[in-house]
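Chemist: sequence plus the predicted model coming up.
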Amino acid sequence: MKKLVLGMSALALSASMTMAMDVVRMGTEGAYPPWNFINDAGEVDGFERELGDELCKRAELTCEWVTNEWDSIIPNLVSGNYDTIIAGMSITDERDEVIDFTQNYTLPDPSAYLAMSMDVDVSSGVIAAQTGTIQAAFIAESGATLVEFATPEETIAAVRNGEADAVLADKSYLSPIAAEDGQLVMLEQSEMIGGGVGMGVRESDGELKAKFDAAIQSMKDDGSLNALITKWEIGETFE
């Protein structure tokens with residue numbers, strides 16, 4: 001009887017652990033519309049919220065949303081504060097040395113320059129970018145002077161107050177800002193950097209990565225991913 005009780009206890013523990021593993025904490029920034037942002041109700045919203053909820057449904061996972069500042073978003077994934085990064089993060093070789101990525105759920109989005117004047121020389125000017133982004137790395141290697149800020153809002157403020165000549169960021173992020181602010185203009189020059197955006201997971205979480213890979217592929221196959229990309233005006237759709 002004692003062995004039976006122990007066996008039943010072990011089965012119960014195993015079941016509870018399996019259930020716990022099915023609760024996936026989705027880490028995002030919540031400050032980069034239309035990719036992810038906090039709405040008026042105080043909830044995570046945007047393209048990646050809608051995408052992430054659908055991916056979790058298809059993968060049969062229960063998901064919870066967690067916000068984290070961008071500059072520590074990878075270290076806090078590795079340390080276990082959440083289980084994925086779904087935050088407009090471009091797939092790069094440098095990041096892939098620390099974490100794993102799913103297949104991309106968007107194609108590379110052109111990076112654009114936003115400035116107060118069309119006369120800005122981005123090759124020799126002072127260019128703002130968010131810390132830890134592919135845009136910051138690009139500027140650092142371009143010969144221009146890089147000024148980095150913790151949040152995307154601060155990069156825009158730097159242009160408005162004259163601290164920077166322009167900001168380089170995803171075109172999908174900058175376009176609505178340019179449309180709403182008549183003092184800011186999008187320069188004609190753009191940059192194609194990065195390898196598309198994917199979900200980040202810990203290197204030890206191969207099973208979780210495989211589940212999200214399958215879910216992303218199913219959305220590509222049935223056209224629902226392209227529909228979301230078009231709805232949120234993120235960039236080019238998959239062929």
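Modeler: Yep, that arrived.
Chemist: least confident secondary structure element in the protein?
Modeler: Ranked by mean pLDDT, DSSP states H and E, the weakest helix or strand in the chain is helix 2-21, scoring a mean of 38.
Chemist: how about the strands in the chain?
Modeler: Per DSSP state E, the chain carries strands over the ranges 23-28, 31-32, 36-38, 44-45, 62-67, 84-85, 100-101, 111-115, 126-130, 145-149, 166-170, 185-191, 200-201.
Chemist: what packs against the fourth one?
Modeler: To tie it back to what came earlier, the one meant is strand 44-45. Applying 3 or more CB pairs under 8 Å, 6 or more residues apart in numbering; DSSP states H and E, one finds that strand 44-45 contacts strand 36-38. Placement of C-beta: from N, CA and C, glycine included.
Chemist: according to the record, where do the domains of the chain fall?
Modeler: Taking automatic domain parsing as the reference, the chain has its domains at 24-107+196-232, 111-191.
Chemist: what mean pLDDT does the longest one get?
Modeler: Same thing as domain 24-107+196-232. Mean per-residue pLDDT for domain 24-107+196-232: 97.
Chemist: okay, how far is it across that domain, tip to tip?
Modeler: 24 Å (CA to CA, to the nearest Å).
Chemist: picking up where we left off before, out of the strands of the chain, which gets nearest to I177?
Modeler: Nearest of the strands of the chain to I177, taken as CB to CB: strand 111-115 at 6.6 Å.
Chemist: and that closest one, how far from the chain's centre?
Modeler: 19 Å (CA atoms, centre = their mean, to the nearest Å).
Chemist: what does stretch 71-90 give?
Modeler: With CA atoms, centre = their mean as the basis, stretch 71-90 stands 9 Å off its chain's centre.
Chemist: quote the end-to-end distance of it.
Modeler: Using CA to CA, the end-to-end distance of stretch 71-90 comes to 14 Å.
Chemist: buried set for that stretch?
Modeler: Under the neighbour-count criterion of 16 or more other CB atoms under 10 Å, stretch 71-90 has 71, 73-74, 77, 82-90 buried.
Chemist: in a markdown table: these, plus distance to M116.
Modeler: As requested, these are arranged in a markdown table below (distance: CB to CB, whole Å):
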| residue | distance to M116 |
| --- | --- |
| D71 | 26 |
| I73 | 30 |
| I74 | 33 |
| L77 | 36 |
| Y82 | 38 |
| D83 | 41 |
| T84 | 38 |
| I85 | 33 |
| I86 | 33 |
| A87 | 28 |
| G88 | 25 |
| M89 | 29 |
| S90 | 27 |
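Chemist: how far off centre is stretch 121-133?
Modeler: That offset, for stretch 121-133, works out to 20 Å (CA atoms, centre = their mean).
Chemist: give me the residues contacting it.
Modeler: The contact list for stretch 121-133 (CB atoms under 8 Å, 6 or more residues apart in numbering) reads 70-71, 90, 113, 135-136, 138-139, 142-152, 154-155, 158-159, 163-169, 187, 189.
Chemist: if you set the cut-off to 7 Å instead, what comes out?
Modeler: For stretch 121-133, contacts defined as CB atoms under 7 Å, 6 or more residues apart in numbering pick out 70-71, 113, 135-136, 139, 142-152, 155, 158-159, 164-169, 187, 189.
Chemist: can you say which of those residues are buried?
Modeler: Neighbour counting over the contacts of stretch 121-133 (16+ other CB under 10 Å) leaves 70-71, 113, 135-136, 139, 144, 146-149, 151-152, 155, 158-159, 164-169, 187 as the buried ones.
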